[in-house]
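[1] Turn this into a structure:
(2 chains)
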Amino acid sequence: EDKVVQSPLSLVVHEGDTVTLNCSYEVTNFRSLLWYKQEKKAPTFLFMLTSSGIEKKSGRLSSILDKKELFSILNITATQTGDSAVYLCAVASGTYKYIFGTGTRLKVLA
Amino acid sequence: DSGVTQTPKHLITATGQRVTLRCSPRSGDLSVYWYQQSLDQGLQFLIQYYNGEERAKGNILERFSAQQFPDLHSELNLSSLELGDSALYFCASSVEAGGRTDTQYFGPGTRLTVL
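    Numbering: from 1, shown residues only, chains lettered A, B, ... in the order given. Coordinates of the predicted model:
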């Protein structure tokens, strides 16, 4: 059965800290891995990763995929209170299915 | 604002009833996806339509059905509602069916409460 597992489930840090969120997966016909940020309502897209070892960056956020070890990490440097959210990892499989992890809840304290 | 619209915003109904949720994708997007998010289950993929045709099915119950119309808007029909169907239902859209891009843009969601 396809599955996506995120860790940790939850973490609390202080502003300025760096955090690393993990996403491991087991799916048939992997196509891509996506990261989303969900604050109060709808998830918003962060990154899509398809190739191993190529880092994607957007400001203080970056992500990388390891297709051999079947995981991805999302790094957030110099965290701010506005980074507080649930971060979702999803994997798209070749049959056009999308499997989401349960998310990592990040709280950044001022 | 993602450009995806969903109506209604909130829906409260009783067990055994039937409801219809509506979604309009971003302009130019051909694919529509439906998701259910409940506190204990996380985000669950239900079904995907591409240009009017069903493309993929996830964990969608037989009591649920969906369709995508020629103008590309989509409706999710939930019938014989149970208490456990209470959840946030998201619609998302993307340009293609997952060929060159899988980026999905989510609507604000419809919160369904079944009493």
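
[2] Near chain B, which residues of chain A? Just list them.
    For chain A, the residues in contact with chain B (Cβ under 8 Å from any Cβ of the partner chain) are A:31-32, A:34, A:36, A:41-45, A:48, A:88, A:90, A:92, A:95-103. Glycine gets a C-beta too; all of them are placed from N, C-alpha and C.

[3] Report the strands that pair with the helix or strand of chain A with the lowest mean pLDDT, each with its relative direction.
    The helix or strand of chain A with the poorest confidence is strand A:98-100; it has a mean of 87 (mean pLDDT, DSSP states H and E). Sheet pairing of strand A:98-100 (DSSP bridges) gives strand A:85-93 (antiparallel).

[4] got any ranges where chain B has weak pLDDT?
    Applying pLDDT under 70 to chain B flags residues B:96-102.

[5] redo that, cut-off 90
    B:1-2, B:28, B:38-43, B:45, B:55-59, B:94-104 (pLDDT under 90).

[6] Spatially central residue for it, please.
    Central residue of chain B (Cα atoms, centre = their mean): B:W34, 2.9 Å from the mean position.

[7] Let me see the contact set for it.
    B:C23, B:F45, B:L46, B:I47, B:Q48, B:I60, B:A66, B:S74, B:L76, B:Y89, B:F90, B:C91 (Cβ atoms under 8 Å, 6 or more residues apart in numbering or on different chains).

[8] go with 6 Å
    B:L46, B:I47, B:A66, B:L76, B:C91 (Cβ atoms under 6 Å, 6 or more residues apart in numbering or on different chains).

[9] Check A:S63 too.
    Counting by Cβ under 6 Å, 6+ apart, A:S63 touches A:W35, A:F47, A:K56, A:L74.

[10] Regarding it, which helix or strand does it belong to?
    Assigned by DSSP states H and E, A:S63 belongs to strand A:61-66.

[11] Would you mind listing the buried residues in that strand?
    Using 16 or more other Cβ atoms under 10 Å in any protein chain shown as the test for burial, strand A:61-66 gives A:L61, A:S63, A:I64, A:L65.
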